[in-house]
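Enquirer: need coordinates for the below:
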Amino acid sequence: MERKFILSCGSTVDLLYKDCAARDIPVIFYTYVVEGKEYIDDMGRDPQALPRFYEMLKEGHLPHTSQVNTQSYIDFFDGLLQKGDVLHIAFGTGLSSSAVNAKAAAEEVAARHPERRIRVVDSLAASSGYGLLVDMVADLRDNGATLDEAADWAEKNKLNINHQFFSTDLTHLRRNGRVSGAAALLGTVLGICPIMHLNADGRIIAYDKVRGKGNAVKETLRVMTERAQNGTQYDGRCYICHSNSLDTAQRLSDAILQTFPNVKNVRICDIGTIIGSHTGQGTVALFFYGKDRSEFVGDT
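Expert: The predicted structure follows:
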């Protein structure tokens, strides 16, 4: 079926670049800086990039990230609009102002291409939850949806993408103010894992805590049984991503496949360098379609 628009996204979808390329989804790349040197959020193109990143974290280096600026979006959109109409799903404003820059750029380039249309959707999502939303919109595109039909669906359904996180390393959560220094120290000694979700504003909120990875997996699974569409009969997409914690991610995946008989596959991805700059190592995140996150408004 003929596609009626171009779908694009940012590298913070935390999917492999080859998978985005295979689905014909152009990507604008974020960057981070360590010790004055800039690196690209690689999305798996260089197999050594992510291990090198986590080695830098182990050595105590603190990466600094920045939003994609308006001019970078202008250049990106200008190239796409020469080929067709564009729907860009942007990294959520709860974690970055890039979507604001994307919308400003879209207004400017639209004036240069009056024969084309461009819409920008603020995903209010992050990491592979952002990726899950983009994948679902790509399905609509491939099934013949118009630009407006796909964009309107994304706006209506984006808060149904549930994001559940837990972490076994509190260093970066302390740095980002999610936990206090004293709590981080005590949590590390006792093996405390903060339980987090993404609220309706697109911000990561630590709202509970458990002791040990096993209990963190159990609690995350419990939340999915309560919030997934149709409960344990859920049959939609299920993504897990992790920051250098494959064993724990696999443990969660196995538990999901045992609990949700209609989930035939759990996609396990790496947390990329931009999200990983803020979570550090030891984070595992689960993403699925379910109850609207609007109930988390005002969550702090």
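
Enquirer: at which residues are the strands of the stretch 151-300 of the chain located?
Expert: 161-167, 192-198, 204-211, 238-242, 267-270, 283-289 (DSSP state E, counting those that start in this stretch).

Enquirer: which of those sits most buried?
Expert: Of the strands of the stretch 151-300 of the chain, the one with the most neighbours on average (mean count of other CB atoms under 10 Å) is strand 283-289, at a mean of 28. (Glycine included, C-beta is placed from N, CA and C.)

Enquirer: dump that strand to PDB, restricted to CA.
Expert: Taking Å, rounded to 0.1, in the frame of the first residue of the first chain, the C-alpha atoms of strand 283-289 are listed here in PDB:
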ATOM      1  CA  THR A 283      18.100   0.500  35.100                       C
ATOM      2  CA  VAL A 284      15.400  -1.700  33.500                       C
ATOM      3  CA  ALA A 285      12.300  -0.300  31.900                       C
ATOM      4  CA  LEU A 286       9.100  -1.900  30.700                       C
ATOM      5  CA  PHE A 287       6.700  -0.400  28.100                       C
ATOM      6  CA  PHE A 288       3.200  -1.600  27.000                       C
ATOM      7  CA  TYR A 289      -0.100  -0.200  25.800                       C
END
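
Enquirer: redo the strands of the stretch 151-300 of the chain as CSV? Include mean pLDDT.
Expert: Below are those laid out as CSV (pLDDT from 0 to 100):
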stretch, mean pLDDT
strand 161-167, 95
strand 192-198, 89
strand 204-211, 88
strand 238-242, 98
strand 267-270, 97
strand 283-289, 97
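
Enquirer: and Phe91, which of those strands is closest to it?
Expert: Minimum separation from Phe91 across those (CB to CB) falls at strand 192-198, 12.2 Å.

Enquirer: who does the closest one touch, helix- and strand-wise?
Expert: strand 161-167, helix 181-190, strand 204-211, helix 213-227 (3 or more CB pairs under 8 Å, 6 or more residues apart in numbering; DSSP states H and E).

Enquirer: now do 6 Å
Expert: Counting by 3 or more CB pairs under 6 Å, 6 or more residues apart in numbering; DSSP states H and E, the packing neighbours recorded for strand 192-198 are strand 161-167, strand 204-211.

Enquirer: so which of the strands of the stretch 151-300 of the chain is nearest His113?
Expert: strand 161-167 (30.5 Å).

Enquirer: sheet partners, orientation included, of the closest one?
Expert: Applying DSSP bridges, strand 161-167 is found paired with strand 192-198 (antiparallel), strand 283-289 (antiparallel).

Enquirer: got CSV for those strands, with distance to Glu115 too?
Expert: Below are those laid out as CSV (distance: least, CB to CB, whole Å):
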stretch, distance to Glu115
strand 192-198, 38
strand 283-289, 36
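
Enquirer: between the ones you listed, which gets nearest to Ile6?
Expert: strand 283-289 (24.2 Å).

Enquirer: for burial, what's the neighbour tally of Glu55?
Expert: Glu55 has 12 neighbours, counted by other CB atoms under 10 Å.

Enquirer: quick check: what element follows the helix or strand harbouring it along the chain?
Expert: Per DSSP states H and E: Glu55 is located in helix 49-58. Heading C-terminal from helix 49-58, the first helix or strand you meet, by DSSP H and E, is strand 64-65.

Enquirer: need the contact partners of that following strand.
Expert: Tyr32, Val33, Ile274, Ser277 (CB atoms under 6 Å, 6 or more residues apart in numbering).

Enquirer: I'd like the mean pLDDT over the helix or strand following that strand, please.
Expert: Next along the chain after strand 64-65, taking DSSP H and E as the criterion, comes helix 70-81. Average pLDDT, helix 70-81: 97.

Enquirer: does Thr31 touch Glu38 like I think?
Expert: Yes. Judged on CB atoms under 6 Å, Thr31 makes contact with Glu38 at a distance of 5.3 Å.
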